[in-house]
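In: need a 3D model of the following:
(chains A and B)
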Amino acid sequence: MTNVHIIGAGIHPFGRHDGKTGLDMGIFAVREALADCGLTWEDMQFSFGGSHAAGNADAMLPQLGLTGIQFINVANGCATGGSSLLSGYWAIKSGEFDVGIVTGFDKHPRGAFNPDPESSGHPKWYGEVGMMLTTQFFALKIQRYMGLYGISATTLGRVAEKAFENGARARHAWRKQPVDLDTILNSQMLSDPLTKYMFCSPAEGGAALVLASDKKMHELGQKGPRILGAAVRTRGYGSFEVFSPSLDIERGPSPTEVASKAAYEMAGVGPSEVDVAQIQDTESGAEIMHMAENGLCADGDQERMLADGITRIGGQLPINTDGGCLACGEPIGASGLRQIYENVQQLRGRAGGRQVEGARLAYTQVYGAPGLSAVSILGA
Amino acid sequence: MGTATKLRPIAPDLFDEGPGGPCLVGGRRKTDGRVVFPLPHGAARERYEPVRLAREGKLWSYTVQRFRPKSPPYAGADDEKSFRPFALGYVELPGQVIVETRIAIDDPARLTIGMPMRLTLVPFALQDGESVLNFAFEPSKGAP
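Out: Alright, predicted model coming up:
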């Protein structure tokens, strides 16, 4: 089986872009990724792409070129981007293709998503009484975690503070103004213990990555990080997921823990070897819990790590170096690919003011509804 | 409870008002005994037998909903101005299941993980003007 490399990376800045469609942003990202490795749309043998709220990804074809390409639309909740990457990785690893592109874009209405109970298999009353909000799930999960492992509200604030600090250094970030800890902690409480500045917002943006086999990459005279491991896993019994009217008393591993273990095993590396990580930070608490679920620390260590700046740029284990979802927002179709884009920049030494010196091993995890996680590990 | 007990339940088969007081109705999966709440409806229903859930349990986690949820699906009679934050959380019912529930409490700052809770039935005013009966948990008597 061949190795798979990421030879081109493109992104349309995240945020709000009135007058531009999601599709426009996807096309922008695809063109930037192709230009990055000196290829054209005609060179692409396959594409996997997804968007949650901005139309089918293959609607980009008339503008990119009706080459007859094998284009597959991917829809896998919040892990759509990670799932597109995995699909492209398999396509090349299998030997079926040499070069292709994975892409995603999105454009969401402002404010929290409003879900329909019955379309997600829940009774109507569950939504009627006001218990069907993603924000509540995040609050309930971190509240328990804080109680069990001694995490303070200050630590939640420090995660957001770091995100906005990093976002200020990323061209593609949405929130580029640092926000001080007191402002974060004292901003409007949305769902205790999480304040307004601790939550990411739905946003707009696009991202694209060109993948190639070892052989093709050398033929083209290109270079790029190698995908060492990639895995998607869905929820099992005993995992705590959004919109759960009941939970099993016997607790089980989260989909992130299971996907993470699988990806480390494939890559033949351990968490202690990770130089830089992009992990799902839908809100501050998610980053804290995902640090442990991805094996990057033990439960409870986060309190000390955040206080000591371990996860800041310049620390031992920088996390969410472009500000993550907190500073970039979360356009679902593009979010997971944005994380990988950031890791590609880090491994190629192109991250400018947010560069992690000597980064050789980069870790990505995207997680979301209805309970799935996609992990990838890249090596320089 | 008073007049509240005369109201229509917000959904059928959600809770039972037995002689010993109200209890939630869950489902026990026939194949492996796994307990879920609420009792599944539709095609999945036949794989479960109804089970009366414990009236008392321990608080597993909690939060406070500080802004009015979007309608739909939220159907409360309040509006942006009259909305009052409410507590909700999960209560672990021993040996059965952990259920998500509204929490009836005046001061949510009193809530702590592990505190004893018990079931109560409370009126819930709908947008269309009707009041229905909903379930909630409240700190057990004697809880700090």
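
In: can we go C-alpha only for contacts and neighbour counts from here?
Out: Will do.

In: show me where chain A has its helices.
Out: A:22-36, A:61-64, A:80-93, A:124-128, A:134-149, A:153-167, A:181-186, A:214-220, A:255-267, A:284-293, A:302-307, A:324-328, A:332-347 (DSSP state H).

In: other residues contacting the fourth one?
Out: For helix A:124-128, the external contacting residues (C-alpha atoms under 8 Å, 6 or more residues apart in numbering or on different chains) are A:D116, A:P117, A:E118, A:M132, A:P245, B:I10, B:A11, B:P72, B:P73, B:Y74, B:A75, B:G76.

In: again, only using 6 Å
Out: For helix A:124-128, the external contacting residues (C-alpha atoms under 6 Å, 6 or more residues apart in numbering or on different chains) are A:P117, B:P73, B:Y74, B:A75.

In: same question for stretch A:98-112.
Out: For stretch A:98-112, contacts defined as C-alpha under 6 Å, 6+ apart pick out A:22, A:26, A:44-51, A:54, A:84, A:92, A:202-213, A:331, A:333-334.

In: quick check: closest non-adjacent residue to A:L194.
Out: Nearest residue to A:L194 in three dimensions, chain neighbours excluded: A:A139, at 6.3 Å (C-alpha to C-alpha, 6 or more residues apart in numbering or on different chains).

In: now the one you found: how far from A:R235?
Out: From A:A139 across to A:R235, the span is 19 Å (C-alpha to C-alpha, to the nearest Å).

In: and for A:S94?
Out: In this structure, A:S94 and A:R235 are 27 Å apart, going by C-alpha to C-alpha.

In: comparing the two, which shows the higher neighbour count?
Out: Counting neighbours by other C-alpha atoms under 10 Å in any protein chain shown for A:S94 and for A:R235 shows that A:R235 has the greater number, 19 against 13.

In: re the thing from before, from the helices of chain A, which stretch is densest packed?
Out: Of the helices of chain A, the one with the most neighbours on average (mean count of other C-alpha atoms under 10 Å in any protein chain shown) is helix A:324-328, at a mean of 31.

In: chain A versus B:D16, what's the distance?
Out: Between B:D16 and chain A the distance is 16 Å, computed by C-alpha to the nearest C-alpha, to the nearest Å.

In: same question for B:L133.
Out: Distance from B:L133 to chain A, by C-alpha to the nearest C-alpha: 11 Å.

In: is it fair to say that residue lies in a strand?
Out: Yes: using DSSP: H, G, I helix; E, B strand; the rest coil, the assignment for B:L133 is a strand.

In: correct me if wrong: A:Q316 contacts A:D308.
Out: No: counting by C-alpha atoms under 6 Å, A:Q316 stays clear of A:D308, with 10.0 Å between them.

In: re earlier: out of the contacts of stretch A:98-112, which are inside strands?
Out: Using DSSP state E, A:46-50, A:204-213 are the members of the contacts of stretch A:98-112 that sit in strands.

In: now A:G15: closest residue in space that isn't a chain neighbour?
Out: Excluding its sequence neighbours, the residue lying closest to A:G15 (C-alpha to C-alpha, 6+ apart) is A:W174, at 4.6 Å.

In: so what's the residue count around A:G323?
Out: By the measure other C-alpha under 10 Å, the count of residues near A:G323 is 31.

In: what's it in contact with, if anything?
Out: Contact partners of A:G323, counting by C-alpha under 6 Å, 6+ apart, are A:A163, A:F164, A:N166, A:G167.

In: and the spatially most central residue of chain A, how far from B:A87?
Out: The residue lying closest to the centre of chain A (C-alpha atoms, centre = their mean) is A:G336, at 3.2 Å. With the distance defined as C-alpha to C-alpha, A:G336 ends up 33 Å from B:A87.

In: what's the separation between the residue nearest to A:A212 when sequence neighbours are not counted and A:S84?
Out: Setting aside the residues directly before and after it, A:A212 is nearest to A:V99 in space (C-alpha to C-alpha, 6+ apart), at 4.3 Å. Distance, A:V99 to A:S84, using C-alpha to C-alpha: 14 Å.

In: can you tell me which of the ones in strands among the contacts of stretch A:98-112 comes closest to A:M146?
Out: Nearest to A:M146 out of the ones in strands among the contacts of stretch A:98-112 is A:E204 (C-alpha to C-alpha; 31.6 Å).

In: report the beta-bridge partners for that closest one.
Out: With DSSP bridges as the criterion, A:E204 is bridged to A:G15, A:K107.

In: what number of residues lie near it?
Out: 31.

In: check contacts around it.
Out: So A:E204 contacts A:F14, A:G15, A:R16, A:D106, A:K107, A:P331 (C-alpha under 6 Å, 6+ apart).

In: dump the residue contacts of the second one.
Out: A:G15 makes contact with A:W174, A:A203, A:E204, according to C-alpha under 6 Å, 6+ apart.

In: quick check: closest non-adjacent residue to the residue of the stretch 151-300 of chain A found nearest chain B.
Out: At 4.4 Å from chain B, A:S246 is the closest residue in the stretch 151-300 of chain A, using C-alpha to the nearest C-alpha. Leaving aside its sequence neighbours, A:S246 sits nearest to B:V99 (C-alpha to C-alpha, 6+ apart; 4.4 Å).

In: what do you get for B:P73?
Out: Leaving out its chain neighbours, B:P73 is closest to A:G127 (C-alpha to C-alpha, 6+ apart), at 4.8 Å.

In: please tell me how far that neighbour sits from A:D192.
Out: Distance of A:G127 to A:D192, given as C-alpha to C-alpha: 20 Å.

In: strands along chain B, start to end?
Out: Along chain B, counting by DSSP E, strands occupy B:15-18, B:21-29, B:35-36, B:48-52, B:56-65, B:86-93, B:97-103, B:116-125, B:131-139.

In: output the contacting helices and strands for the third one.
Out: What it means is strand B:35-36. Other elements packing on strand B:35-36 under the criterion 3 or more C-alpha pairs under 6 Å, 6 or more residues apart in numbering or on different chains; DSSP states H and E are strand B:21-29.

In: get me the contact residues on the stretch 1-150 of chain A for chain B.
Out: Within the stretch 1-150 of chain A, the positions adjacent to chain B are A:G127, A:E128, A:V129, A:G130, A:L140, A:R144 by C-alpha under 6 Å from any C-alpha of the partner chain.

In: let's see it at 7 Å
Out: When proximity is defined by C-alpha under 7 Å from any C-alpha of the partner chain, the stretch 1-150 of chain A lies next to chain B at A:N114, A:D116, A:W125, A:G127, A:E128, A:V129, A:G130, A:Q136, A:A139, A:L140, A:Q143, A:R144.

In: just flag the most distant two among the residues you listed.
Out: Longest distance between any two of those is 26.5 Å, between A:D116 and A:R144; criterion C-alpha to C-alpha.

In: figure out how far stretch A:246-256 is from the centre of its chain.
Out: In terms of C-alpha atoms, centre = their mean, to the nearest Å, the centre of stretch A:246-256 is set 22 Å apart from its chain centre.

In: need the residues that contact that stretch.
Out: The contact list for stretch A:246-256 (C-alpha atoms under 7 Å, 6 or more residues apart in numbering or on different chains) reads A:233-235, A:237-240, A:293-294, A:371-373, B:36-37, B:97-100.
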